[in-house]
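Turn this into a model:
(2 chains)
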Amino acid sequence: MPAILEVHDLVKKYGDFAAVKGISFDIKEGESFSLLGPNGAGKTTTISVLSTLYAPTSGDALIGGHSVAKEPMAVRQFIGVVPQDLAIYDDLTAGENLSFWGQMYGLGGTALKTRIDEVLEQIGLADKANMRIKTYSGGMKRRVNIGVGLLHKPRLLFMDEPTVGIDPQSRRAILDSVQDLNRQGMTVLYTTHYMEEAQELSDRVGIIDHGELIALGTQAELTHQVGENDTLILRLGELENAAALAAAARSLPTVLKADVSDHAVTIIAPEAEDILAPAITKANEIGVKIRSVELQEPNLEAVFLHLTGRALRD
Amino acid sequence: MKKIFLIGWKDVTLAFRDRAALILMLAAPFALTLGLGFVTGRFSGSSNTGVSDIPVVLVNQDGGQIGNTLVNVFQSQELASLVVPTVLDNPALARQEVDADKAAAAIIIPAGFTASVISGAGTVPTQGPATTGEVVQLVLYTNPTRPTSVSVIKTILDGFVSQIEVGRVGGQVAVEQLLSHGLIQGQDAARIGGELGLRQANVAQSSKAIALKSVTGSGEAVKFDVLAYMAPGMALMFLMFTVSNGGRTLLAERSQGTLPRLLVSPTSASQVLGGKVFGIYLTGVAQVLILILASTLLFRLNWGDPLGVLVLVLAAVVGAVGWGLLITAVAKTPGLVSAVGSAVMLTFGILGGSFISLDNMPGWFRVLSKITPNAWGLDGFTTLGMGGSLANIWTPVLALLVMGAVLFTIAVLIFNRRGIMQQ
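Residues are numbered from 1 along each chain as shown, chains lettered A, B, ... in the order given. The predicted model follows:
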């Protein structure tokens, strides 16, 4: 498959602050790709530059062969954007919103009407098309927000954390719709700080932190970086002596790594079950109160921890 | 162009679906006009014009019948409450009175004016400083800081001149008829035509058609309606709310994410800005036209020449939109635009004469008022309400258009500097 998106040494600075520091990657046509990273990692800035909202400070990206820096109007014909925050008009109905945005993408007449009907079916709001957006629930608004991005059948869809702040049911519906779109052949670039979403949706994942792409590959390739190791997370009631517990954990046999992050001590070992009891014993000796224990198989969270020493939600 | 229209129409739709905005756009100016109408006794029939005691200086160097008649018109009982005429001998002194802001206008009737009209040398002179050939022209020297009063004087003068013209043409026609039927000799034609014309003109004077008259030309004398000043005053004041609120939506769209979304669609930044400005403009025009229509139907208010009213509305909204955009460009948040917009609305309302006629204000205040679209708009609406036509309001129309263009340019420069519309 040819690459529909090629990113070359992309840099975006705001004054002296570099939000994106020379990232490079590509996405093949029909692929589902996730940019995974904590808040403030540079995901939204990357999407903003790729969608031509901001000009890159240096570097470039080609979308469908067109430069985002030099041919923004040509790029916009290729892409659809679902922004992180709702970007629809509350005092218009869903149908009016879709009609307005469709016309902004050059649709009109019967083609627009047909497409509006299709999208309303797709987002499950065909029977509520004439209701104003302000009467919708948060989840319904999110679906319209996504629908706007799909109207013109873009070849590459950017979805910037579309599930932030919504109920589990709506989140499930959105994830299902992303998978459906990808199955229908649409290329998707999805940003998230939820490891589970990246795991579920993506063929390949790019992990971004502090504006740098620190890992890139399929999930299997990425988890292979941390080997077959398990992760044991001891959540603490208070942070006092947490560093001492991490240090004590590192002295245990087979423990590869132990760090303090987000009110927890995270321990990586080949068999986490084997170190659970000694770790709790150490905690009791030091006087650290453990609130809960979590044991994880190798996953993207572990990869992020392995690469940065921090949890994704930090 | 289509996208500009679509964005603009979307904004009009949103504006008219916003109940809070509707209250300030339509209900508030309507209610205030109604209230002021009651306060001034308009509905009880005891109101005056709101424009009264206009000082005017007359210099009659003619001494002929027409010149004397014009002086008599201004000294007549019908105009006693409206104008305060002073008769002087010296034109230079009369101009000084105007320059010193002691009079709204000076009317100088040059020597030979009556003879010039009777001789039929061209059209009846109206105004202007020059004397060319045999035509002796009336001179109207005006005080630019009292546009409303000047409009009244002009209207009276126009009425007088049109009656003289009617008489002169009538005399000419009669003489031609008499000549063609051999009832008079050629050498008597000038004398008889002059006498007939004067007689006809005097008949018109005695019928009091020269009093502030109905613009419908029905011949019925109609006093200037106090609401014809207040209704446009309120409409123009709340127009400032509409344009600043429209500007606010530009910044609101930016923070709500719809502006960035527009900017990543195949729509250029200039199309988006054009659409937003078009939307503000359409909303403003719709607001003022609705208020005009409502006051016409409910208060039986006569706004004057419909074409003039339409052109003035279109120009007034251009001027107001300029201010709305400048406020938006300077303020950094939607909330700040609302706050500054409200303050400007009230300040311009007072400064522009929406509450108190500018003719009752000191000279410096009237000069300062020229920065507001309210003052220019009221100038035009008053002229139209007094019976003027489109031809009489070009000055305020042009002033409003220039104001809008200049402010728009400044606003766009600030927008660019702040990067509001840039990708």
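
okay, now the nearest residue to B:Leu390 once chain neighbours are set aside: neighbour count?
Nearest residue to B:Leu390, sequence neighbours excluded (Cβ to Cβ, 6 or more residues apart in numbering or on different chains): B:Gly308, at 4.1 Å. Every residue, glycine included, has its C-beta placed from N, CA and C. Neighbourhood size, B:Gly308 [other Cβ atoms under 10 Å in any protein chain shown]: 23.

so which helix or strand takes in B:Gly308?
Applying DSSP states H and E as the criterion places B:Gly308 in helix B:306-330.

doesn't B:Ile393 make contact with the residue nearest to B:Leu390?
Yes: under the criterion of Cβ atoms under 8 Å, B:Gly308 makes contact with B:Ile393 at 5.6 Å.

joint contacts of those two?
Overlap of the contact sets of B:Gly308 and B:Ile393 (by Cβ atoms under 8 Å, 6 or more residues apart in numbering or on different chains) consists of B:Gly380, B:Leu384.

Show me the strands in the chain, by range?
If you meant another chain, say so; for now it's chain A. For chain A, strands defined by DSSP state E occupy the ranges A:3-14, A:17-28, A:32-36, A:58-63, A:66-67, A:79-82, A:156-160, A:187-192, A:204-209, A:212-218, A:230-236, A:257-260, A:264-269, A:290-296.

Not quite, go with chain B.
Across chain B, reading from the start of the chain, the strands by DSSP E fall at B:54-60, B:83-88, B:105-109, B:139-142.

So for A:Pro72, which of the ones you listed sits nearest?
Ranking the strands of chain B by proximity to A:Pro72 (Cβ to Cβ) places strand B:139-142 first, at 55.2 Å.

who touches the closest one?
The list of residues contacting strand B:139-142 from outside it, by Cβ under 8 Å, 6+ apart, reads B:91, B:94-95, B:98, B:104-108, B:110, B:127-129, B:150, B:153-154, B:157.

which neighbours does it have in its sheet, and in what orientation?
Its sheet considered, strand B:139-142 pairs with strand B:105-109 (antiparallel) by DSSP bridges.

what angle separates the strand it pairs with from strand B:83-88?
Here strand B:105-109 points in a direction 50 degrees away from that of strand B:83-88 (axes from the mean of the first three to the mean of the last three Cα atoms, to 10 degrees).

For strand B:105-109, what does the pLDDT average out to?
Average pLDDT, strand B:105-109: 89.

Run a quick neighbour tally on the one residue in chain A that gets nearest to chain B.
Chain A approaches chain B most closely through A:Ala87 (3.5 Å), counting by Cβ to the nearest Cβ. In terms of burial, A:Ala87 registers 22 neighbours under the definition other Cβ under 10 Å.

Ramachandran angles for the residue nearest to it when sequence neighbours are not counted?
With sequence-adjacent residues excluded and distances taken as Cβ to Cβ, 6+ apart, A:Ala87 is closest to B:Gly257, at 3.5 Å. Taking degrees, to the nearest 10, you get phi 90, psi -10 for the backbone angles of B:Gly257.

per-domain residue ranges of chain B.
If you go by automatic domain parsing, the domain ranges for chain B are B:2-41+B:225-418, B:54-206.

Could you list the low-pLDDT ranges of chain B?
Segments of chain B classed as low confidence (criterion: pLDDT under 70) are B:37, B:39-52, B:119-135, B:166-226, B:420-423.

can you tell me the residue of it closest to chain A?
For chain B, Cβ to the nearest Cβ, closest residue to chain A: B:Gly257, 3.5 Å.

where exactly do the helices run in chain A?
With helices called from DSSP state H, chain A shows them at A:43-50, A:72-78, A:94-104, A:109-122, A:138-150, A:168-183, A:195-201, A:219-224, A:242-250, A:272-286, A:300-308.

ok now the fourth one, how far from the chain's centre?
In terms of Cα atoms, centre = their mean, to the nearest Å, the centre of helix A:109-122 is set 28 Å apart from its chain centre.

Put the alpha carbons of it into CSV.
Provided in CSV are the C-alpha atoms of helix A:109-122 (Å, rounded to 0.1, in the frame of the first residue of the first chain):
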residue,chain,number,x,y,z
GLY,A,109,-27.7,19.6,-4.1
THR,A,110,-28.8,16.0,-4.1
ALA,A,111,-25.4,14.7,-3.3
LEU,A,112,-25.3,16.7,-0.1
LYS,A,113,-28.8,15.6,0.9
THR,A,114,-28.0,11.9,0.3
ARG,A,115,-24.7,12.2,2.2
ILE,A,116,-26.4,13.9,5.2
ASP,A,117,-29.0,11.1,5.3
GLU,A,118,-26.2,8.5,5.2
VAL,A,119,-24.1,10.2,7.9
LEU,A,120,-27.2,10.6,10.1
GLU,A,121,-27.8,6.9,9.8
GLN,A,122,-24.2,6.1,10.4
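
Now do the buried residues in that helix.
Burial within helix A:109-122, assessed by neighbour count using 16 or more other Cβ atoms under 10 Å in any protein chain shown, is assigned to A:Leu112, A:Arg115, A:Ile116, A:Val119, A:Leu120, A:Gln122.

Which one of the residues you listed is nearest to A:Asn229?
When the buried residues of helix A:109-122 are compared for distance to A:Asn229 (Cβ to Cβ), A:Gln122 comes out closest, at 41.4 Å.

That closest one contacts A:Val148, doesn't it?
No: look at A:Gln122 against A:Val148 with Cβ under 8 Å: they stay out of range, at 11.8 Å.

for chain B, which residue is closest to the average position?
When chain B is reduced to its mean C-alpha position, the closest residue under Cα atoms, centre = their mean turns out to be B:Gly380, at 1.0 Å.

Hmm, B:Leu312 and that residue touching each other?
Yes: under the criterion of Cβ under 8 Å, B:Gly380 is in contact with B:Leu312, at a separation of 4.3 Å.

Touching both of these two, which residues are there?
The contact sets of B:Gly380 and B:Leu312 overlap at B:Ile393, B:Pro396, B:Val397 (Cβ under 8 Å, 6+ apart).

By neighbours, which of those wins?
The most neighbours, when those are compared by other Cβ under 10 Å, belong to B:Ile393, which has 27 neighbours.

mind pulling up the phi and psi values for that one?
Backbone dihedrals for B:Ile393, given as degrees, to the nearest 10, come out at phi -120, psi 20.

who's in contact with A:Thr266?
If a contact means Cβ under 8 Å, 6+ apart, then A:Thr266 has A:Thr231, A:Leu232, A:Ile233, A:Leu234, A:Lys257, A:Ala258, A:Asp259, A:Val260, A:Leu305, A:Ala311 as its contacts.

ah, wrong one, I meant A:Ala264
Contacts of A:Ala264 were listed using Cβ under 8 Å, 6+ apart, and they are A:Ile233, A:Leu234, A:Arg235, A:Leu236, A:Ala311.

now swap in A:Ser292 and tell me
Contact partners of A:Ser292, counting by Cβ under 8 Å, 6+ apart, are A:Arg235.
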